[in-house]
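Q: Below are the sequence and a predicted model; questions follow.
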Amino acid sequence: QHCHLNNDNLAFSLKFFQVVTQCVTLESKHLDKVLRTRQLVFDFDGERPIPRLREPLDLFTIPSTSCPFQGVRWPIECEVIRDKIQHIEWDPSEPEPFYQPTGDEQAPMPVGGVRGNTVYRIDPATKSSYFTYSRVGGSRGPIKSATSCANHQEEPTLAFESRFESGNLRKAVQVGQYDYELTLRTDLYTTKHTQWFYFRVRNMRAGVTYRFTIVNLMKASSLYSAGMRPLLYSEHAAWLKGEGWQRTGANIRYYRNNTEQDGKALYSLTWTLEFPFDGDTCYLAHCYPYTYSNLQHYLREIISDPVRAAYCKLRVLCRSLAGNAVYVLTVTAPSSSLAERKAKRAVVVTARVHPGETNSSWMMQGFLEFLLSDLPDARLLREIFIFKIIPMLNPDGVVVGNYRCSLTGRDLNRNYRSLLHDSFPCIWYTRNMVKRLLAEREVVVYCDFHGHSRKNNVFMYGCSDRKDASQCLQERVFPLMMSKNATDKFSFRSCKFKMHKSKEGTGRIVMWRLGIRNSYTMESTFGGSTLGDRKGTHFSTRDLKSMGYCFCDTLLDFCDPDPAKVTKHCLEELGLLLRQEVRRKLGREVDSLEDLCHIDIESSTSGSNSTESDGLPVHLLNATNQGKKKHLRSRKERNRLRQERVQSTGPKIIQRNIKHLVDLTKYMSISTSLQRTISDYTNPTVHNAILPRLQTSARNERYVL
C-alpha cells in the first residue's frame, strides 16, 4: 500500500500474480500453454514449483542419430588417404605369453638411405613451426604417392602407408631383401616423443621371415626388453577366421644404436615375423589402436539407445585447437526430488590426455560399458553418484598419431594450472567444469586413465598430505581395494603417492589442490601382468576393459555405508604393509601412525619426464623469438650513421629528380641548388603546375619536402 504504482503497473502486477498462481496448480508439461516463454522449466518438490532455466538446445548438443557426427579435422599440412580403416574387436582364447629372450638376438645398426633403398617417405607435415589452421580431411589437392615398390624384382618390395587416423610412420628403407629400417614421425611441431607406431603393410609373401627395425626411439628403457611383443592385424585373418589384433614377433631386442639427435642417444627396436597370407593387408602397432572415429562410433551407439540415453547425457565440453569436439558425458539416474539430486556426490573420470596411450581408452570403454549396463551394481552407482566423464581429452593428438603432445607441441598433462584458455582449451574447460562441480557438491574421486611404457601391471599414482596426520593413509585405501578386486592385474606395490615438483601441473595434483582428496591417475601397462595366474602374459582389450569394470566395483566398496570396511580392515592392513616396507628399506621399527606418515620411503615414480615439453605453446614461443631486442647505440654512433645515410642517398635523389625538374623550366628558373628549388616551389604562381610532379618525385624517392 506504500508503493506508488499507477493503475497500469498495478494491473500488470495482479495479472502476473494470477499467472504464477495458476502455474503452481499445473503440471510442468502444461506450462507452455500458460507462459509466453519456453525458457523456464519447473521442478516440483511436493506441491511447491521450483523454476529453473531450460538448458540450451543445439548449442553444444550432439546431432541426432540421423545426422552424422562432424568429420575429423586435421592440420592443413597433413595428407590423409581416403581409405576407411576398420578393425574387428577380438580377444584370443588364451592369454598371449611374453617373448622369452634367447641372448642371440641381433642388434642391427642404422644405415639409412646410403646403403638402402627408400621405399616409403612422407613429408614431416610441419612446413610451419606451429599449428595454423585445420580442415576436414587434411590438406587440399591430390594425395602424393609416398611408396616406391620395385615389383619387377624376384621378391616384391613391401608397400607401407601411415597417412590415416592415428597412423605413425615417416620413412621405410629397404636395407636387405626382407629387411626394413623404419623411422617414426615425432609429435607434430616438436622434435621429440617417438614411441607410438601404427602403419599398414601390403605386398608381402607368406612364410618369408621379414625383419623390421625402428631406429629413432628416444627412451632408454622399454617393456620390449621385458618380453613385450608388437601387435599384428591381418585383414585376411579377420575375414576368414574372425581374428583381430595378435601379438607377434621373434628375435625381439631393444638397444641403443650408434646415432644421436640433438645430442641425445637414440634407440632401436628390432623384431622378425612371418605374415600369414600372400598379398594380405596387414597393420603393425605399438598397442591396440583406438581412434577418435572409434570414440564417435561408440558414442553414437549410446545416444541412439533410448534406454541408456535416459540416464546418459552427451554434450560437447569444448572444441580443440583443430576444431574437433571434446565430449563430456553426464551419467546419473533421474532424481525424484531436488533434495535427492543435491545430495548426490560426484565422480570425475577422464582419459587419453596422452594420445599414444590407447590402453587408457580401452579401460574407459570398459568403465562406460559397466556404468551404462543394466547390472544391479551399475544401477546403484547411477542412483548414488553423478558421473562426469571425458573419454578423450586430446583428440587432435589422437588424430595425427602423436604419442604425448597436443598441436601446441606441449604435454597437456603439465598444463592444468595454465591460464592460456586459447592454447589449452581441453584442459582449461575440464578444470573449470570441476571447479563448478565442487561448488555444487562433493567430488568423491577424480581419476585420469593413462598408459605406462616401463612398468607391467596396472597401478595408481595418488597424492598424500603429510601435514595432516588424521588423514594419513586415507589416499591409499582406494588403490588397495583395487588390488583386492583385480589380484592378477593390479599391483598395489607399484602405486606411488609422492607429489614431485615436476608433476605440479598434472591433473592429479591440480585436482587434489582444488579439494578432491582422492585424486589419482590409473596407469595400465602396454605389456601385461606379472601377478598370479596371469604372470608372464600380455593384456588383451578384454583385460583392459575389465579394469574399467573393476574401477566401478571398487567405487561401490569404497563408498559402502559400513565405514568398518575402510577404517578397520583397510587402514590396519595399510599400516602393517608400510611398517614392513620401513623395516625392509630402513631397517627400523615404527610404532605410531603419525611417525609413519612422515617417513619417505618411496622411490621415483619411474614415470614420464615431460620437462622438455613444458613451457609456452610453440606458436607463442615462435612469436617471442621474433621480437629481437634492439641494440642501443650512443649519440655519437647515431650521428655518424645519420651522416652516412645523408651522404649515400643525397646524390641519388638529385640525379633521379633532374629529368622531372627539367620539365618545369617553362614555369620557373631552376637553381642548381636544391634549397633554391624548394623555395621557388612556394611561389603561388607555379604552385599548381609543379606540385603534382614534385609529389611524384618525392614519393618515388621516399624524400619528404
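A: Looks like it came in fine.

Q: can you give me the helices for the stretch 501-650 of the chain?
A: Listed in chain order, the helices of the stretch 501-650 of the chain (DSSP state H, counting those that start in this stretch) span residues 507-514, 541-558, 564, 571-586, 593-597, 618-626, 635-662.

Q: Please name the residues that touch K144.
A: For K144, the contact set (C-beta atoms under 8 Å, 6 or more residues apart in numbering) comprises E79. C-beta here means a position set from N, CA and C on the backbone, and glycine is covered the same way.

Q: In terms of helices and strands, where is it?
A: Using DSSP states H and E, K144 sits within no helix or strand.

Q: could you measure it against L182, distance?
A: Look at K144 and L182: by C-beta to C-beta, to the nearest Å, they are 20 Å apart.

Q: cool, G167 as well?
A: G167 is 13 Å from L182, by C-beta to C-beta.

Q: and what of Q647?
A: Q647 is 62 Å from L182, by C-beta to C-beta.

Q: higher neighbour count, those two?
A: L182 (23 against 9; other C-beta atoms under 10 Å).

Q: contacting residues around the more buried one?
A: With the criterion set at C-beta under 8 Å, 6+ apart, L182 makes contact with L169, K171, A172, V173, F197, F212, T213, I214, V215.

Q: for the chain, what helix or strand is lowest in average pLDDT?
A: helix 674-681 (a mean of 45; mean pLDDT, DSSP states H and E).

Q: So Y446, which state does it fall into?
A: Three-state call for Y446 (DSSP: H, G, I helix; E, B strand; the rest coil): strand.

Q: What's the per-residue pLDDT of it here?
A: We have a pLDDT of 99 for Y446.

Q: check contacts around it.
A: Neighbours of Y446 in contact, by C-beta under 8 Å, 6+ apart: V347, V348, V349, V434, G507, R508, M511, W512, I516, N518, S519, Y520.

Q: For the third one, I want the exact helix or strand it lies within.
A: To tie it back to what came earlier, the one meant is V349. Applying DSSP H and E, one finds V349 within strand 345-351.

Q: Show me what secondary structure element comes after that strand.
A: Next element after strand 345-351 (DSSP H and E): helix 358-371.

Q: and the angle from that following helix to strand 345-351?
A: Per axes from the mean of the first three to the mean of the last three C-alpha atoms, to 10 degrees, the angle that helix 358-371 makes with strand 345-351 is 150 degrees.

Q: Does anything pack onto helix 358-371? Which helices or strands?
A: helix 292-303, strand 345-351, helix 376-384, strand 385-390, strand 443-452, strand 518-525, helix 541-558 (3 or more C-beta pairs under 8 Å, 6 or more residues apart in numbering; DSSP states H and E).

Q: Can you check which of the ones you listed gets nearest to F160?
A: Checking these against F160 by C-beta to C-beta gives helix 292-303 as the closest, at 21.5 Å.

Q: just to revisit the earlier point, please produce TSV containing the helices and strands packed on helix 358-371, extended by distance to P617.
A: Output for those, formatted as TSV (distance: least, C-beta to C-beta, whole Å):
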stretch	distance to P617
helix 292-303	21
strand 345-351	21
helix 376-384	38
strand 385-390	21
strand 443-452	21
strand 518-525	23
helix 541-558	32
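
Q: out of these, which comes closest to L329?
A: Using C-beta to C-beta, these put strand 385-390 closest to L329, at 4.4 Å.

Q: hmm, who's touching the closest one?
A: By C-beta under 8 Å, 6+ apart, strand 385-390 touches 317, 326-332, 344-351, 364, 367-368, 371, 381, 430, 433-434, 437, 441, 444, 555.

Q: Now do the next helix-or-strand element following that strand: which elements does it pack against?
A: Using DSSP H and E, the helix or strand that follows strand 385-390 towards the C-terminus is helix 395-400. Under the contact criterion of 3+ C-beta pairs under 8 Å, 6+ apart, helix 395-400 touches strand 73-75, helix 292-303.

Q: Show me what whichever strand or helix holds N251 is packed up against.
A: According to DSSP H and E, N251 maps onto strand 250-261. The contact analysis (3+ C-beta pairs under 8 Å, 6+ apart) places strand 250-261 against strand 209-217, strand 264-274.

Q: Which one, of those strands, ends up nearest to V72?
A: That would be strand 209-217 among the helices and strands packed on strand 250-261, by C-beta to C-beta, at 26.2 Å.
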